[in-house]
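Trainee: Got a sequence here, can you model it:
(chains A and B)
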2 protein chains.
Amino acid sequence: MVSTYTQPLARLIEAFQTLPGIGPKSAQRLAFHMLKQSSHDIKNFSDALLDAKEKIGECAQCFNLSGQSPCELCANPNRSPKTIGVVIDAQDLFALERTGEFSGQYHVLHGLISPMEGIGPEDLKIRELLARLTTDSEGRNRVEEVILALPPSIEGDTTSLYLSKLIKPLGIKLTRIAFGLPVGGDLEYADNMTIARALDGRQEF
Amino acid sequence: MVSTYTQPLARLIEAFQTLPGIGPKSAQRLAFHMLKQSSHDIKNFSDALLDAKEKIGECAQCFNLSGQSPCELCANPNRSPKTIGVVIDAQDLFALERTGEFSGQYHVLHGLISPMEGIGPEDLKIRELLARLTTDSEGRNRVEEVILALPPSIEGDTTSLYLSKLIKPLGIKLTRIAFGLPVGGDLEYADNMTIARALDGRQEF
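Mentor: Numbering: from 1, shown residues only, chains lettered A, B, ... in the order given. Now for the predicted structure:
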């Protein structure tokens, strides 16, 4: 299908098709949209891509994606180092951050333990998390609570359990975010696992 | 929302958000996807963008978008210059081309007459179309049929009517593509205008 197009256009459509969730029709629409933009705008788009790839690395403390290390969040004096939120990746970190409800620091694991996919604890930033819990720059341990913000799945549960065995002996409070019915959700339409989790996590009224 | 991100990432997300049909969530997903690609792949994507903008221009004969002029379609000796399909833009041209049902040449108007938007005949490639109909490179007129592949809308109808007044006096056969129920379409769910067009365009059975 793409072969009907003039070569530079076919190439651009193919480039857009490599993006997740972009099928042939969307790729075509995006390519034509781009062609209508000014050279300046296209240069800007291209620079944004190259720049992001070149400048963004991992924060040496929390392993969040950032253009600096320590990252903006770790370097922010208004964020409490007493609480660490543990997340899978930078996307989950930003999802949590968007709520504006968390003012501690983060730790990005870069995955979950998954024997099926051959991912073990040593493939994740778990050793680095433990290092943050046992000492700080002044040789003291300032962390008072670790919040596991990992999803309710086999891998999320396995990783949470694994971390609990390592963190609890340190005498640090360990919590996990709640699972249950989403706000606006309807019992009738919720799946069995969600209802089971909601029942399990019930709290005194 | 974007301000929580590290600057180069925020810039990339904003760049993706300028694309049609890409909201904040999709833009974020695309940006993170990009960061996971190799530098080589990102360079390639960026080059495809710059390259397309730089190399693609308009065919001097049919005004299709192409990396060459005359374009691949005009230059193809297997395509009959006796029939010209008139379309709004390159996207419609490629939609027609994908069917594999048309083997003539094209003429891209680059819009439709629209008094509401202040677009008059002189803003479109109408003069150029007429020039193709009255002479060819050997000084003869080889065009036998002009097919208007313009949509059934006020602007599409206005433009078709305007063109018919110019083309019919030349003694060239002028047709317009059919409008009616789409294949697989249901009378029950079709809008009134479509049913009216289908009735209007009825043919002897």
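
Trainee: From chain B, how far off is residue A:157?
Mentor: When CB to the nearest CB, to the nearest Å is the yardstick, residue A:157 and chain B sit 24 Å from each other. Every C-beta, even on glycine, is put in place using the N, C-alpha and C of the backbone.

Trainee: Number of residues surrounding that residue?
Mentor: For residue A:157, the tally of surrounding residues (other CB atoms under 10 Å in any protein chain shown) stands at 15.

Trainee: Can you tell me the element it falls in?
Mentor: Using DSSP states H and E, the secondary-structure element containing residue A:157 is helix A:154-167.

Trainee: Mind jotting down where the strands sit in chain A?
Mentor: Taking DSSP state E as the criterion, chain A carries its strands at A:57-58, A:65-66, A:80-87, A:104-108, A:145-148, A:173-176.

Trainee: which other helices and strands contact the helix holding residue A:157?
Mentor: Using 3 or more CB pairs under 8 Å, 6 or more residues apart in numbering or on different chains; DSSP states H and E as the contact criterion, the secondary-structure elements in contact with helix A:154-167 are helix A:126-134, strand A:145-148, strand A:173-176.

Trainee: and the ones you listed as a markdown table, adding mean pLDDT and mean neighbour count?
Mentor: Converted to a markdown table, these look like this (pLDDT from 0 to 100; neighbours: other CB atoms under 10 Å in any protein chain shown):
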| stretch | mean pLDDT | mean neighbour count |
| --- | --- | --- |
| helix A:126-134 | 94 | 16 |
| strand A:145-148 | 94 | 20 |
| strand A:173-176 | 93 | 14 |
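
Trainee: Can I get the ones you listed in JSON lines including distance to chain B?
Mentor: Compiled in JSON lines, the helices and strands packed on helix A:154-167 are given as follows (distance: least, CB to the nearest CB, whole Å):
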{"stretch": "helix A:126-134", "distance to chain B": "19"}
{"stretch": "strand A:145-148", "distance to chain B": "18"}
{"stretch": "strand A:173-176", "distance to chain B": "23"}
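
Trainee: between the ones you listed, which gets nearest to residue B:20?
Mentor: Nearest to residue B:20, of all the helices and strands packed on helix A:154-167, is strand A:145-148, at 38.9 Å by CB to CB.

Trainee: helices or strands up against that closest one?
Mentor: Right, strand A:145-148 is packed against strand A:80-87, helix A:154-167, strand A:173-176 by 3+ CB pairs under 8 Å, 6+ apart.

Trainee: how big is the angle separating the longest one from helix A:126-134?
Mentor: For helix A:154-167 and helix A:126-134, the angle between their directions (axes from the mean of the first three to the mean of the last three CA atoms, to 10 degrees) works out to 40 degrees.

Trainee: Return the most buried member of the helices and strands packed on strand A:145-148.
Mentor: Sort the helices and strands packed on strand A:145-148 by mean neighbour count, taking mean count of other CB atoms under 10 Å in any protein chain shown, and strand A:80-87 sits at the top with a mean of 20.
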